[in-house]
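[1] Quick one, structure for this:
(one chain, ligands or ions: 1)
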Amino acid sequence: MSSADHPDQRCVTWSPSVTLVPTRQCFNACDYCGFRLPLAAAPRDWLSDGQAQLLLQGRPGASEVLLLSGEVAPGSSVRGSWFARLLVLSRLALQAGRLPHTNAGPLNRHEMAALARFNPSMGLMLEGLGPAHDAAHRHAPSKALAVRLAQLELAGRLGIPFTTGLLVGLGESRQQRREALELLALLQRQWGHLQEVILQPWRPTAAAAVPLGPAERAVMLETIAEARAILPPEVHLQLPPNLWPLEHLCQALEAGIDDLGGIDSGDVINPQHPQPQPARLRQVLAAAGWTLQPRLCVHAAWISWLPARLRHRAERLGRQLLSAG
Ligand code: SF4
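    Numbering: from 1, shown residues only. All right, here's what the predicted structure looks like:
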């Protein structure tokens with residue numbers, strides 16, 4: 001429960017993280033995506049072990065290794081080698097004393113179960129529902145609502161601590177956001193595996209950062225409050241701090257945000273929005289009476305769900321993280 005994670009009611013968590021991108025090539029083509037590289041005729045060029053090790057060495061304090069990948073179509077001739085790379089990179093993260101968290105699109109049952117042996121948590125955004133989301137995802141077959149819901153349900157059946165979320169402000173209505181949150185609440189009441197829901201403000205993929213205006217902030221604050229009211233209390237609510245004005249951060253926390261997610265030195269999805277330094281976040285939060293506490297990719301209340309080997313690692317890393325402050 002969140003109260004066990006947050007004995008101090010004025011505490012917000014974050015996960016020191018480093019992002020590995022196995023590939024940017026993706027068979028989907030979401031309208032707003034600035035991350036994707038189109039499928040090339042040439043063979044795929046996966047992130048190598050050496051490249052991954054260099055990135056891990058560059059972020060020695062990162063306990064979470066976010067494996068964030070462009071998606072490979074089910075049935076593609078390269079699906080097997082792509083998935084093998086996800087497994088190898090997950091093992092490599094563990095060998096480096098970190099915990100991997102994979103977000104690589106919908107996976108089948110066999111793939112999810114195999115990754116769950118190495119990943120204490122995984123993620124997949126629900127994104128949203130309604131005509132605006134359908135239009136933005138018309139060239140993204142894996143973003144179909146039914147596909148996403150099936151994946152979230154499969155994660156629940158397999159007992160995998162899971163992160164999902166909504167892309168807010170793409171053109172959906174308030175009612176459609178409520179319906180999306182109600183679908184997540186239903187899943188949580190059945191399976192209990194949704195450890196966090198990201199409320200991600202949609203930002204245009206402009207070269208320069210376009211900050212959220214007052215109307216967009218109002219929609220976000222309303223959505224945060226509705227999410228807190230609709231979702232069971234154990235589900236953490238996450239806001240990416242680089243997509244929200246720092247001077248208004250406490251408003252988001254008062255509305256229900258209790259987590260700032262994985263923070264790397266940059267954001268590979270929205271590189272034009274720099275990540276705030278944790279020291280700066282701590283300073284801003286302390287001035288308003290909030291504390292910033294590091295956490296693992298798997299939230300404390302779900303560590304007991306893990307297979308023994310992963311559970312012991314997570315418990316040990318969790319203690320190290322807290323003692324490092
Ligand atoms: S699925 Fe992800 S990587 Fe692929 S096009 Fe959509 S947003 Fe981009």
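[2] From now on I want contacts and neighbour counts done on CA atoms only, so please keep to that.
    Noted.
[3] how many neighbours does the residue of the stretch 51-200 of the chain at minimum distance from the ligand have?
    Nearest to the ligand, among the residues of the stretch 51-200 of the chain, is residue 70, at 4.4 Å (Cα to the nearest ligand atom). Counted with other Cα atoms under 10 Å, residues neighbouring residue 70 total 20.
[4] Go over the secondary structure and confirm it is in a strand.
    No - Residue 70: not assigned to a strand; according to DSSP: H, G, I helix; E, B strand; the rest coil it is coil.
[5] How much space separates it from residue 103?
    9 Å (Cα to Cα, to the nearest Å).
[6] What of residue 174?
    Relative to residue 103, and taking Cα to Cα, residue 174 is found at 27 Å.
[7] Phi, psi for residue 278 please.
    phi -50, psi -40 (degrees, to the nearest 10).
[8] neighbours around it, how many?
    Burial of residue 278 is recorded as 17 neighbouring residues (other Cα under 10 Å).
[9] pLDDT score for it?
    pLDDT recorded at residue 278 is 94.
[10] Residue 211 too?
    What the model reports for residue 211 is a pLDDT of 81.
[11] contacting residues around it?
    Counting by Cα atoms under 8 Å, 6 or more residues apart in numbering, residue 211 touches 243-245.
[12] Quick one: buried ones out of these?
    By neighbour count, with 16 or more other Cα atoms under 10 Å, those hold 243-244 as buried.
[13] and of the contacts of residue 211, the nearest to the ligand?
    residue 243 (16.2 Å).
[14] Need the nearest residue in space to the residue in the stretch 201-325 of the chain that the ligand sits nearest to, chain neighbours excluded.
    Relative to the ligand, the nearest point of the stretch 201-325 of the chain is residue 269 (8.3 Å; Cα to the nearest ligand atom). Nearest residue to residue 269 in three dimensions, chain neighbours excluded: residue 35, at 5.5 Å (Cα to Cα, 6 or more residues apart in numbering).
[15] thinking again about what came up before, got the contacts of residue 211 as TSV, with secondary structure columns?
    Converted to TSV, the contacts of residue 211 look like this (three-state DSSP):
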residue	secondary structure
243	helix
244	coil
245	coil
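[16] What is the nearest of the contacts of residue 211 to residue 156?
    residue 243 (29.0 Å; Cα to Cα).
[17] hang on, the earlier thing: OK, contacts around the residue of the stretch 51-200 of the chain closest to the ligand?
    Each residue near residue 70 by Cα under 8 Å, 6+ apart is listed here: 21-27, 36, 104-105.
[18] Apply 10 Å and report the result again.
    Shown in contact with residue 70 (Cα atoms under 10 Å, 6 or more residues apart in numbering): 21-28, 35-38, 103-105.
[19] ok, and which of those reach the ligand?
    With the criterion set as Cα under 6 Å from any ligand atom, the members of these near the ligand are 26, 28, 35-36.
[20] Dump those residues into a markdown table; add secondary structure, pLDDT and distance to residue 181 as well.
    Listed next are the ones next to the ligand among the contacts of residue 70 as a markdown table, based on DSSP: H, G, I helix; E, B strand; the rest coil; pLDDT from 0 to 100; distance: Cα to Cα, whole Å:
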| residue | secondary structure | pLDDT | distance to residue 181 |
| --- | --- | --- | --- |
| 26 | coil | 95 | 27 |
| 28 | coil | 96 | 24 |
| 35 | coil | 92 | 26 |
| 36 | coil | 92 | 27 |
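[21] where does the stretch 1-150 of the chain have low pLDDT?
    Where the stretch 1-150 of the chain drops to pLDDT under 70, the residues are 1-9, 41-43.
[22] Which parts of it are helices?
    Using DSSP state H, counting those that start in this stretch, the helices assigned to the stretch 1-150 of the chain run over residues 2-5, 49-58, 79-95, 109-116, 131-136, 145-158.
[23] Out of those helices, which is closest to residue 273?
    helix 49-58 (20.3 Å).
[24] What residues does this protein have near the ligand?
    The chain comes close to the ligand at residues 26, 28-30, 33, 35-36, 70-71, as judged by Cα under 6 Å from any ligand atom.
[25] Would you mind listing which of the residues you listed are buried?
    26, 28-30, 35-36, 70-71.
[26] what's the neighbour count on residue 110?
    A count of neighbours around residue 110, defined by other Cα under 10 Å, yields 9.
[27] list the contacts for it?
    Applying Cα under 10 Å, 6+ apart to residue 110 gives the contacts residue 116.
[28] re the thing from before, quick check: the residue nearest to residue 269 touching residue 272?
    No - using Cα atoms under 10 Å as the test, residue 35 is too far from residue 272 to be in contact (11.7 Å).
[29] Understood, closing this out.
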